[in-house]
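> The following block contains a protein sequence and its predicted model.
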Amino acid sequence: MKKILLCMTMAIALVAGKQAQANGALDQLVRDMAVADLTHSVNEGMRVNNLINWKVGETAEYDLKAMFGSLGNMVKKVDREQGNAIWLKQEVTGMAAQTIEALIDRATGEVLEMRQNGQKVNPPNDKPEMIDQEHTTVTVPAGTFEVIHVTFKSKEVKKGELWANPRDIPMDGAAKMAVESNQMPLPITMELLKFSRP
């Protein structure tokens, strides 16, 4: 369950970052979602040794779309290690171009530092609320995967859906995600194009 929450939180941050770039009113959403659940878990004392076992070089590429068409592609990768932490980097090309980096503690999942386009930003504080989860399959350009389908919401996210498999897909395991924010009712989706492991 902890890995699914981590997956949900990181995937939200990645997609929300693109939406925030397109709409300045959503800029806080990028930061608010990236560690909201992780911060809550740490505060509740739910620490797990090396919750994150991602390896440097793990990479996933996604297609980002909105109702009006393509927003571009996003490449998410484990960029480097720093002590017992890793730098997760996402680079978006196209009309939502930006770079987000997060230094994540491996043991706790806590985001220690976050940067958007090279500028330090505050970690998110909008905790997602899980509404439902089910085991299912999803087909994306990278293939068909058995996944946990999670439906969630938060103060900033009117409706979110995540299809994730952290066992077969690198990092947080996101295969597909759809997010509709309260400020921008057009949903943004991301679908896995390809991935690699070192």
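Thanks, I have it.

> drop to CA atoms for contacts and neighbour counts, all remaining ones
Will do.

> how many neighbours does residue 69 have?
Close neighbours of residue 69, defined as other C-alpha atoms under 10 Å, add up to 9.

> distance of it from residue 120?
Relative to residue 120, residue 69 is positioned 30 Å away (C-alpha to C-alpha, to the nearest Å).

> tell me the contacts of residue 149?
Neighbour list for residue 149: 133-136, 161-164 [criterion: C-alpha atoms under 8 Å, 6 or more residues apart in numbering].

> Now go through those and say which are in strands.
Counting by DSSP state E, the contacts of residue 149 place 133-136, 161-164 in strands.

> give me every residue that touches residue 132.
By C-alpha under 8 Å, 6+ apart, the residues touching residue 132 are 150-152.

> Residue 196 too?
58-60, 170.

> any idea how far it is from residue 151?
Residue 196 is 27 Å from residue 151, by C-alpha to C-alpha.

> would you list every one of the strands in the protein?
59-66, 69-82, 85-92, 98-105, 111-116, 119-121, 129-140, 143-153, 157-164, 174-181, 188-196.

> could I get the ones you listed as CSV with mean pLDDT?
Putting these into CSV (pLDDT from 0 to 100) gives the following:
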stretch, mean pLDDT
strand 59-66, 95
strand 69-82, 94
strand 85-92, 95
strand 98-105, 94
strand 111-116, 93
strand 119-121, 95
strand 129-140, 94
strand 143-153, 95
strand 157-164, 92
strand 174-181, 93
strand 188-196, 96
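
> which of those strands sits most buried?
Among these, strand 174-181 has the highest mean neighbour count (mean count of other C-alpha atoms under 10 Å), at a mean of 25.

> now for that strand, which elements pack on it?
If you count contacts as 3 or more C-alpha pairs under 8 Å, 6 or more residues apart in numbering; DSSP states H and E, strand 174-181 packs onto helix 2-22, strand 129-140, strand 157-164, strand 188-196.

> Can you name the residues in contact with the shortest one?
By C-alpha under 8 Å, 6+ apart, the surrounding residues in contact with strand 157-164 are 4, 7-8, 11, 138, 147-153, 172-182.
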